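K.L.:
would you be able to build a 3D model of this:
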Amino acid sequence: ATMVTDHGKANDELKSYASAHGSNVPDALPADKQKHSDAMKNMKGAAFDKHYVSMMVDDHKEDVAKFKKESTGAKDDQLKTWTANTLPVLQKHLDSIQAIKKGM
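P.N.:
Below is the predicted model of the structure:
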């Protein structure tokens, strides 16, 4: 529930930023992410949990790395501030999902 709330908030903020700068945030998942979602539709129980947790670890590692880079290197100060402010939340999610994976 925490991830859903936090990611929803960050997504809304990003959409607002993008709109103010004449861009859009896609509503659909990229094809490589959609295949994971599609595969999970047929999974149940431990298989679903294992796949989901693994996917969340990988995604959050990737996101944390990207946000670290943008929080110091973005050319736009507003984007730099947003990524710097959002980074600790993503890091908390990564720490949490890694702890869950370790306990599986």
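K.L.:
CA atoms for contacts and neighbours, from now on please.
P.N.:
Noted.
K.L.:
may I ask which helix or strand of this protein has the lowest mean pLDDT?
P.N.:
Of the helices and strands making up the chain, the lowest-confidence element is helix 31-40, at a mean of 86, by mean pLDDT, DSSP states H and E.
K.L.:
which other helices and strands does it contact?
P.N.:
Judged by 3 or more CA pairs under 8 Å, 6 or more residues apart in numbering; DSSP states H and E, the packing partners of helix 31-40 are helix 45-73.
K.L.:
ok now the helix or strand that the helix it packs on is followed by, how far from the chain's centre?
P.N.:
Moving toward the C-terminus from helix 45-73, the next helix or strand (DSSP states H and E) is helix 77-102. Taking the mean C-alpha point of helix 77-102 and that of its whole chain, the gap between them comes to 8 Å (CA atoms, centre = their mean, to the nearest Å).
K.L.:
what angle do the least confident helix or strand of the chain and helix 45-73 make?
P.N.:
Note on geometry: by axes from the mean of the first three to the mean of the last three CA atoms, to 10 degrees, helix 31-40 and helix 45-73 are set 160 degrees apart in direction.
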